[in-house]
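Asks: kindly generate the corresponding structure for this input.
(chains A and B)
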Number of protein chains: 2
Amino acid sequence: MTNIQTAETAGNDAFRSIDAATGLATGEAFAVHGADDVATACAAADAAFDAYRATDNAARADFLERIGEEIVALGDTLIVTAMRESGLPRARLEGERGRTVGQLKLFAGVVRRGGWMGVRIDPALPDRAPLPRPDLRLRMIPLGPVAVFGASNFPLAFSTAGGDTASALAAGCPVVVKGHPAHPATGAMVAGAIEAAVAACGLPKGVFSHLVGPGNDLGSTLVQDPRIAAVGFTGSRAGGLALVKLAQARDVPIPVYAEMSSINPVVLLPEALKARGAALGTAFVGSLTMGAGQFCTNPGLVLAIEGDGLDAFVAAAATALPDAPAATMLTGGIHAAYQKGVEALAGHDAVKTIAQGKVGEGVAQGQAAFFETTAAQFLSDAALGHEVFGASSLLVRCADENELHAVLRAAEGQLTATIQMDAGDAGMASRLIPLLERKAGRILANGWPTGVEVAHAMVHGGPFPATSDGRTTSVGSLAIDRFLRPVSYQNLLPELLPACVRDDTDAPRLIDGVVAG
Amino acid sequence: MTNIQTAETAGNDAFRSIDAATGLATGEAFAVHGADDVATACAAADAAFDAYRATDNAARADFLERIGEEIVALGDTLIVTAMRESGLPRARLEGERGRTVGQLKLFAGVVRRGGWMGVRIDPALPDRAPLPRPDLRLRMIPLGPVAVFGASNFPLAFSTAGGDTASALAAGCPVVVKGHPAHPATGAMVAGAIEAAVAACGLPKGVFSHLVGPGNDLGSTLVQDPRIAAVGFTGSRAGGLALVKLAQARDVPIPVYAEMSSINPVVLLPEALKARGAALGTAFVGSLTMGAGQFCTNPGLVLAIEGDGLDAFVAAAATALPDAPAATMLTGGIHAAYQKGVEALAGHDAVKTIAQGKVGEGVAQGQAAFFETTAAQFLSDAALGHEVFGASSLLVRCADENELHAVLRAAEGQLTATIQMDAGDAGMASRLIPLLERKAGRILANGWPTGVEVAHAMVHGGPFPATSDGRTTSVGSLAIDRFLRPVSYQNLLPELLPACVRDDTDAPRLIDGVVAG
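Replies: The predicted structure follows:
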């Protein structure tokens, strides 16, 4: 599979990299991959699967770390290319590169420690009455080749070598990436780095393939290929649900891990508002407008009980927001959808505009916006709870704690739920938490939901429609579990058993259900 | 919710318990539960959820054990009732009761040890540069109320208080059982035992409800209730797929764990056949005909390479099978479907009948059957690979190892795959295992797939269509994971955190990804 093509070799079917700031197709040309390319990539992934999953933990960890080294070796060209294609600033992309490399290292550590294999051993009990117990040993094995859809909003950390790719490779699954068409040049560079690592580690080429093209056909064909065993996706609700539908309609349905849509409620409790309403308003604007609001965890919904503290919060936000600069959005399409969402809120009978950010001057620049409504109005129109991807948020004024709970109970599943609280709010917070647990994958206090730590205890997931599978996370080391399934071995001769379930294994394991050292 | 009704109180809408041996409705009458009863049960389950999931591990484990005690306290009446409704013999049902109680104890132990909570703690790193790391703590929480569909073939161990119910209750999920209409009296007695345990442990009534009725409407309504968060099912492929479709079409789709259909290939390797072909033939007939062949793990497909040993196997099976008595099947419907399946194989141009068991004399008695075909013929007609639920099996004669692999590669996903092997078969077995791992949830050597140990290292699951979700098991302690999802807590005050993720927790946990004592 040729991943990078110049305008000269790409031919008529080429599409070009677009400069986000100008909207002009001034970058390199890329061949549009088609059904034949999908078939080739999937056949290679399937052929590589048994060899790749048979690599030992040390070799697989080395490979993950090597990918990180190859990405770093791309140097500043990668950053400059990603800046041009995404419109995101240098510091953000340098940080994102660090996150991407750190994520690969995290999974390398997980693979080396071996807990991911989930080893369980129940030794035979030949003398048990009335029937002897057979020897039973269990380990997790990878599902098979995984299709990963790169996201536009994190061209490094959630794209070609992002969390889905890293966790699938860590699990032992070959990966076929459908690169995001908003950053084909960035994607091609990163794909080249992964391919270099595959070669350097002596792995079969089919362990990784990269397909690109505009439109939806490429991705649809990929998800329907019978050799694909699971799908990772970060993007819109419509896109995620379309992939879920295709995956479920296959002769053999497969899991789709789609991280889709969340408005990330932030609950401002009374004592916190009383003590620092104004400071919270200013900080809120910072979180809202960071990265042009293009985060899955952007605070799109603010809930609070009426009172002086809330007025101070609103006043401070209304003061800070008009100074927030307009920012180039990732693509023209995302900007158009944002504009449409903001206009719908601004024109809604039940919604009042609190403040807006600076008007954009360049192409596809998003103007931040903060709106308000009442709990009763919010509850009477489900559309007010839909995500507007970008720097837009809606304050819902609640009369009391009951109304606050009613709004949260009616809310859809979320990635995050935030509580701003002071000591005096503890009672109210403790009553909120059981409700928030049922709604969100992550509950945080006295911070803002933007900023997702890549860690062992992170959950970047949540009940539908935040994701298509609320039992999982797409960030953090637990993400590896998405690509594994258990296999039990009964009475197999030791020499036929996988090494990790033999008596002399050093893998973390349960013996008769009890943690063994 | 009234679970047991007599003919007097049940009214016109009643349906009766049927005697499996006579096909006559001589037993008690039961009210047919309808949409209102579903709504009442689901509302009660939802209302009970937060209180039930807040129980500590010791209390929840005591509750599970109490259910087992209440089932034992039902005494011989339970066994006699189940014998009448299922046609299964006393010894089998006494064993199944032991298994059911043992399963509840197993989950009690799992709950007490606390590993199910999946605790992970990543302490704050306030001095990390460029950004501090927040305090992150993760635990698994239950999904919510679970709908469990009782199976007909294990009226105790896979029904009202079976593995799905035990694992969902262990996870902290209230359960609404849709009892199997083939054993309403058995189901009502067991439901009464669970309700007695709920009361004795001071839990909210909604923790458990039991609904019964003939037909499919009751189950459909239950799966579509918005308060139901997951479904457990053991039964036919058609039934399982219908539930999956309903679950996916909901406004909020939910997971369905359906254990559906498997023909459990048994591979007879050449050296084993040479050494003990005849003994294997006799033992095979024992596994095939046990319990009228009504096991999910019944050996419905036998694969072997042509040779003298295979001829000895076939001859011994052909000698043993005619002596196998006909056995009463679970229901008239199951018997009719079995007859149809056997007749289709017997009349198939490419299939030869090796032998049949004794002809049945009573109502709904199944006559065992063993057929053979060639690999080429098997590969040319997918219908030959479909399950015939009951004591029917098909031998596929393979020319060589390549053809054996080709048949297995073409096979659908399976619960089990069995290898009969001697020392000289080790090379062939080691080439088979990677292929079998991709096809089945359990690989066993020198035994028969019937007999599923309830243990920590058991997998009773497998790739589609063996189940609707090959990432899971419905038997063994790993089954609890089906009903859990992760929640992460960021920077919460210690007093607001769940006890299991506080610094002073004694739960098994990862700290910074490393197992802590």
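Asks: please name the nearest non-neighbouring residue to A:Arg53.
Replies: In this structure, A:Arg53 finds its nearest non-sequential neighbour in A:Gly172, 3.8 Å apart by Cβ to Cβ, 6 or more residues apart in numbering or on different chains. No exception for glycine: its C-beta is placed from N, CA and C like everyone else's.
Asks: make that A:Pro508, sorry
Replies: A:Gly115 (4.5 Å).
Asks: equivalent analysis for A:Ser17, please.
Replies: In space, A:Ser17 comes closest to A:Gly27 once its chain neighbours are excluded; the distance is 2.8 Å by Cβ to Cβ, 6+ apart.
Asks: hmm, back to that, how close does the residue nearest to A:Arg53 get to chain B?
Replies: Distance from A:Gly172 to chain B, counting by Cβ to the nearest Cβ, to the nearest Å: 11 Å.
Asks: could you tell me how many residues sit around that residue?
Replies: 26 (other Cβ atoms under 10 Å in any protein chain shown).
Asks: low pLDDT regions in the stretch 301-450 of chain A?
Replies: For the stretch 301-450 of chain A, no stretch has pLDDT under 70.
Asks: which parts of it sit against chain B?
Replies: A:413, A:426, A:429-430, A:433-434, A:437-438, A:440-447 (Cβ under 8 Å from any Cβ of the partner chain).
Asks: how about the strands in the stretch 351-500 of chain A?
Replies: In the stretch 351-500 of chain A, the strands defined using DSSP state E, counting those that start in this stretch lie at A:352-356, A:365-366, A:369-374, A:392-398, A:414-420, A:440-445, A:484-490.
Asks: quick one: contacts for A:Leu395?
Replies: A:302-304, A:314, A:354, A:370-373 (Cβ atoms under 8 Å, 6 or more residues apart in numbering or on different chains).
Asks: please apply the same query to A:Ala326.
Replies: A:357-362, A:365-368.
Asks: same thing but 6 Å
Replies: A:358, A:360, A:365, A:367 (Cβ atoms under 6 Å, 6 or more residues apart in numbering or on different chains).
Asks: same deal with A:Leu106?
Replies: Counted by Cβ under 6 Å, 6+ apart, A:Leu106 has contacts A:454, A:477.
Asks: any low-confidence regions in chain A?
Replies: A:1-13, A:517.
Asks: remind me, longest helix of it?
Replies: Once chain A is assigned using DSSP state H, the helix that runs over the most residues is helix A:90-113.
Asks: and the next helix or strand past that helix?
Replies: Sequence order places strand A:119-122 as the next helix or strand after helix A:90-113, per DSSP states H and E.
Asks: do that following strand and chain B come into contact?
Replies: Yes - for strand A:119-122, a contact with chain B is found by Cβ under 6 Å from any Cβ of the partner chain, at A:120, A:122.
Asks: within its sheet, name the partner strands of the helix or strand following that strand and how each one runs.
Replies: Going down the chain from strand A:119-122, the next helix or strand is strand A:136-142, by DSSP H and E. Strand A:136-142 pairs in its sheet with strand A:119-122 (antiparallel), strand A:484-490 (antiparallel), by DSSP bridges.
Asks: with only the CA atoms kept, save the shortest one in CSV.
Replies: The C-alpha trace of strand A:119-122 is given here as CSV (Å, rounded to 0.1, in the frame of the first residue of the first chain):
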residue,chain,number,x,y,z
VAL,A,119,-4.5,-14.8,33.0
ARG,A,120,-6.7,-17.0,35.1
ILE,A,121,-5.7,-20.6,36.2
ASP,A,122,-8.0,-23.1,37.9
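Asks: off-centre distance for stretch A:510-517?
Replies: When distances are taken as Cα atoms, centre = their mean, to the nearest Å, stretch A:510-517 is centred 33 Å away from the chain's centroid.
Asks: list the buried residues for it?
Replies: Across stretch A:510-517, burial judged by 16 or more other Cβ atoms under 10 Å in any protein chain shown covers A:510, A:513.
Asks: and that stretch with chain B, contact?
Replies: Yes - contact between stretch A:510-517 and chain B, assessed by Cβ under 6 Å from any Cβ, occurs at A:510, A:513, A:515.
Asks: return the closest of those with respect to B:Thr297.
Replies: A:Gly513 (22.5 Å; Cβ to Cβ).
Asks: contact partners for that closest one?
Replies: Each residue near A:Gly513 by Cβ under 6 Å, 6+ apart is listed here: B:His456.
Asks: again, but for A:Ala275
Replies: A:Asp422 are the contacts of A:Ala275 under Cβ under 6 Å, 6+ apart.
Asks: list the buried residues for the helix or strand harbouring it?
Replies: Element membership for A:Ala275 (DSSP H and E) is helix A:270-289. Across helix A:270-289, burial judged by 16+ other Cβ under 10 Å covers A:270-274, A:276-278, A:280-281, A:283-285, A:287-289.
Asks: looking at those residues, spot the one nearest B:Glu195.
Replies: Nearest member of the buried residues of helix A:270-289 to B:Glu195, counting by Cβ to Cβ, is A:Pro270, at 42.8 Å.
Asks: what about the closest one, distance to A:Met428?
Replies: Applying Cβ to Cβ, to the nearest Å, the value for A:Pro270 to A:Met428 is 7 Å.
Asks: equivalent analysis for A:Val359, please.
Replies: 39 Å.
Asks: between these two, which has more neighbouring residues?
Replies: Neighbours were counted for A:Val359 and for A:Met428 using other Cβ under 10 Å; A:Met428 has more, 18 against 9.
Asks: now do the helices in the stretch 401-517 of chain A.
Replies: Assigned by DSSP state H, counting those that start in this stretch, the stretch 401-517 of chain A shows helices spanning A:401-410, A:426-437.
Asks: no no, the stretch 251-400 of chain A
Replies: A:270-289, A:308-320, A:332-346, A:375-380.
Asks: so for the third one, what gets flagged as buried?
Replies: This means helix A:332-346. Buried-residue list, helix A:332-346, by 16+ other Cβ under 10 Å: A:334-335, A:337-339, A:341-342, A:345.
Asks: return the member of these nearest to chain B.
Replies: Of all the buried residues of helix A:332-346, A:Gly341 has the smallest distance to chain B: 21.4 Å, by Cβ to the nearest Cβ.
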